[in-house]
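Student: Curious how this folds, go ahead:
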Amino acid sequence: MPHPDRIRANGLEVECPPIIAFIDDVSGNTSKQWNVHYSCYISNATLPRSELEKDSNIHFVATSPHASPLEIIHAICELLKKSKTKLFKVWDAVKKRHILIRPWILFLPGDNPMQAELCSHVGLQGNHFCRMCHGGGDQNFKASDEGFASLLQPGRARTVPETREAITTQLMMATHAAAEKPVKAMITSTSVKDSFALPILTQLIVKGKLLRRATPQRKALSPEMVNQELYREVMQKNDVPLRNPLLDMEGLDVHADTPVEPLHTHLLGVVKYFWAQTVWVLDKEGHFSDFQACLNSLSRTGLKIPNIMADYMCRYRGSLIGKHFKTISQVMAFALCGLVDDTLQDAWASIGRLTVLIWETDILDMSSFVKELRATIQDTIDFAAKLSPGLLTEKNKFHILAHLPDHVEHFGPPLLFSTERYESFNHIFRLCSIHSNRQAPSRDIARTFANQERCRHMVSGGYWWDKGAGKWTRAGDAVLWHISTHRIHARLLGLTSEKPPCPGDVTLFPLPSRKPGTPSPQRPTITWTQTDAARLQPDLAPLAGEWHHAASIVAQNGDTAPVESEVIIRNSISAIRSLHSAQTRFASIVEIISPTRSSKYSTNGAPWVIVRDSIVQGTSHVRLKMPVIHRIGRLQVIRPKDILCVVNVQHDCTAGMCTPSGSEQLRQERELSTRARTVVEHQDRVHYVINLAALHNQGMIRSCLPPPLCSHPTFFDDRTTLHKKAAESLRVLRRSVRHGHPVSFSSLFLVPPLCHVILSHATAPFPMPRHPFPCHVILPHRFTRLLYCYPITFRHVIATSSVFPALTLRSYTGLSRYAAPTWR
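Tutor: Alright, predicted model coming up:
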């Protein structure tokens, strides 16, 4: 029997392209005043990842300051459902003919609150907080051995039929008299909360209360009559959607197709939590200044980031954003080495490895990759269980992260469902918003995007139907040439692609500035005998001609390799020396020489690079769990084509016994100032550690290392015992709080960040005021002051400078924002 679409196609080709639908709330103002708009964008999921990241391939769909996210999604679902009976007819610019398409939703990326709403789920604050499985429970269950272990792994998966049935049951339950408590209890037990059904539930409950109440015009209705009236009202709502339209989309499972988002779940979740804990530990033990000096001394070469903003991140440590945590996860293990205990050190090594896996772009072996990803996630969660068990019960993103391997198997690398591309696209949306007269903002924004899309389509070579000529046409060659040569016009339309640097290009050292009345300074020239290579290793074959010293050179992959950086080179036969090995290896750049203008003809005009072989040690670093190299090999002269990429390495300060005893002058507006900052003074230039937590060139680094040095280290042998001990510590703390036993602050969390506490009035060593005043206090970084308050409903807090070893703790709440102690 022929397929039904064959008849509808009538001989035309039919394709089913998957789309990625993103929806989020964004402010329409550039100021701090919140002007919420719910905006929806889509992308073609068949494009390569590099193309998905471009603004020109992100398409605006709808926005509204009034409609809810599900109302916008409802319109999209209705449009997609129409393609089942009537396919969309479009022009194929490659095949030069009409085709029919039926788009479908592949997945729905977003932050956790938005994805929970799309799944008709209550969100992370519910008892059963996971939108993908039935994990979770009340606080007593989470503190039990079974409940605590269930938080560390995915539970029984949620299904769309279960969610649909729960919503229907809630609606039917609301048609009964006195249904408020049963409905709330069911929402709490199932964590199903639909945005379409919730207003109807509220309306039915309110109307049921009114009908049970007598008025001067009528008597109070009986429960049976109330049930009949409410049921009749539900049946009359034919023109109003009663539940989430995504639950009725064929081929879409909202619980499985809302993948874990790396930015909000990992960077703004796991990394942020460990950062707050680690900063508290460093400050408590008096090592924070040393940590800042170490962070300022780290090398950013090979990380492909603008700068390690150490001073900013340490000063505003409670207000960091995603890009800061992305940098922190790559270098934190080196900055902490020797300042914290081994458990916290290994935790950051695990976090760095996890960040690398999440930002992996090319997966060669899916099974081994998912296995390593699952093991690394489990290690990170276990470190949280060992260091701070309360984090796993208060911060549910650890459990959400455990679902990531399943989504990687289903959709591919995690960067495919990252929302960073859409978050950056919000800037374009905001520019469209501020140029509106605010009378009809959604209409003005939509028209602006439509004009931009139309113009971009035309000038980039797209086709459109010419009614006058009666055919499909496109822009002429002159228009296409103009866009390809005028980068400013192309950038305004989002069509500019960065011009890659040319491999082999060198950057010479800058000349000193010319003083008034003096001739322009000349660039110094040297011969081979004056080079550092000839001085360090005289037996090297000399190069004829005159040369300039260069500061950096471009590697084959486009990286800029400065002098003293670590690179991966290819062993090839060069004009100076024949190498018998064809394998890649690590080397450090000692010197870069570029021929002068007069010597270009005699030297073929190409620069030369002098490198020193780096010897990879057989064992990993004891504390960092990363490969160690020693720069003690022979010098070699190679061509620029043999430099493949740049590798980030950090000095092994443990072997060199380096201390933060140096100083570095600070620049203000490009000029040296009298201010200075403390940095680590390295004692040698031999011992280095390869940064396996660096995101850039990770594949090349692993291919150049022996497999044992890249293997996943084993941190925990008995996970079951670890989880039971963590659960037991939570139960001991809860019993102490309930019965008013003395509890030290260290028992709240092993490495606690800030938390709200309420202490008993009886332990106050001074008369407390009898008239309470409402205020709110945040615990300082160190426990230099203890806080007391009345054991009543409100948090009435008074602070004292006295320090006592133990106090009677009545109750406490979870973690708070990282901030200095303030009165509110």
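Student: What is the burial count for residue 284?
Tutor: Using other CB atoms under 10 Å, residue 284 is surrounded by 15 other residues. Glycine gets a C-beta too; all of them are placed from N, C-alpha and C.
Student: try the one 10 residues further on
Tutor: Burial of residue 294 is recorded as 25 neighbouring residues (other CB under 10 Å).
Student: what kind of secondary structure is the residue lying closest to it once chain neighbours are set aside in?
Tutor: Leaving out its chain neighbours, the residue that sits closest to residue 294 by CB to CB, 6 or more residues apart in numbering is residue 335, at 4.4 Å. Secondary structure state of residue 335, per DSSP: H, G, I helix; E, B strand; the rest coil, is helix.
Student: For residue 335, grab the count of nearby residues.
Tutor: By other CB under 10 Å, the residues close to residue 335 number 25.
Student: And for residue 195?
Tutor: 16.
Student: Same question for the one 4 residues further on.
Tutor: Residues within reach of residue 199, counting by other CB under 10 Å, total 12.
Student: From residue 38, how far off is it?
Tutor: Noted for residue 199: a distance of 16 Å to residue 38, by CB to CB, to the nearest Å.
Student: I'd say the residue nearest to residue 294 and residue 299 touch.
Tutor: No - using CB atoms under 8 Å, residue 335 makes no contact with residue 299, being 11.7 Å away.
Student: Pull up the gap between the residue nearest to residue 294 and residue 650, please.
Tutor: 9 Å.
Student: Check residue 124 too.
Tutor: 36 Å.
Student: Just want to know which of the two has more residues nearby.
Tutor: residue 650 (24 against 17).
Student: Could you look up the next helix or strand downstream of the one helix or strand the more buried one maps to?
Tutor: Taking DSSP states H and E as the criterion, residue 650 maps to strand 649-651. Note on strand 649-651: by DSSP H and E, the next helix or strand toward the C-terminus is helix 653-656.
Student: so how far is the one helix or strand residue 428 maps to off the chain centroid?
Tutor: Secondary structure assignment for residue 428, by DSSP H and E: helix 420-434. Remark: helix 420-434 is offset 18 Å from the chain centroid, using CA atoms, centre = their mean, to the nearest Å.
Student: Any regions of the protein where pLDDT drops low?
Tutor: Low-confidence segments of the chain, defined by pLDDT under 70, span residues 1, 497, 572-582, 599-604, 738-824.
Student: Pick out the residue nearest the middle of it.
Tutor: residue 263 (2.1 Å; CA atoms, centre = their mean).
Student: that's a helix at it, yeah?
Tutor: Yes - applying three-state DSSP, one finds residue 263 inside a helix.
Student: Identify the residues contacting it.
Tutor: 111, 322, 418, 419, 420, 423 (CB atoms under 8 Å, 6 or more residues apart in numbering).
Student: cool, residue 647 as well?
Tutor: Contacts of residue 647 by CB under 8 Å, 6+ apart are 302, 565, 566, 567, 568, 586, 690, 691, 694, 697, 700, 701.
Student: got a winner among these for most neighbours?
Tutor: residue 691 (28 neighbours).
Student: And that residue, how close does it get to residue 651?
Tutor: The value you get for residue 691 to residue 651, if CB to CB is used, is 11 Å.
Student: A strand includes residue 448, no?
Tutor: No - going by three-state DSSP, the assignment for residue 448 is helix, not a strand.
Student: and the gap between it and residue 432?
Tutor: Distance of residue 448 to residue 432, computed by CB to CB: 4 Å.
Student: Between these two, point out the one with more neighbours.
Tutor: Neighbour count, other CB under 10 Å: between residue 448 and residue 432, residue 432 has more, with 21 against 18.
Student: Touching, the more buried one and residue 443? I think so.
Tutor: No - under the criterion of CB under 8 Å, residue 432 makes no contact with residue 443, lying 11.4 Å away.
Student: Phi, psi for residue 590 please.
Tutor: Here is the backbone geometry of residue 590 (degrees, to the nearest 10): phi -90, psi -40.
Student: secondary structure class for the spatially closest residue to it that is not a sequence neighbour?
Tutor: Using CB to CB, 6+ apart and skipping the chain neighbours, the partner closest in space to residue 590 is residue 610 (4.7 Å). The assignment at residue 610 comes out as strand when based on three-state DSSP.
Student: thought residue 610 was touching residue 532?
Tutor: Yes - contact status for residue 610 versus residue 532: in contact at 7.3 Å, counting by CB under 8 Å.
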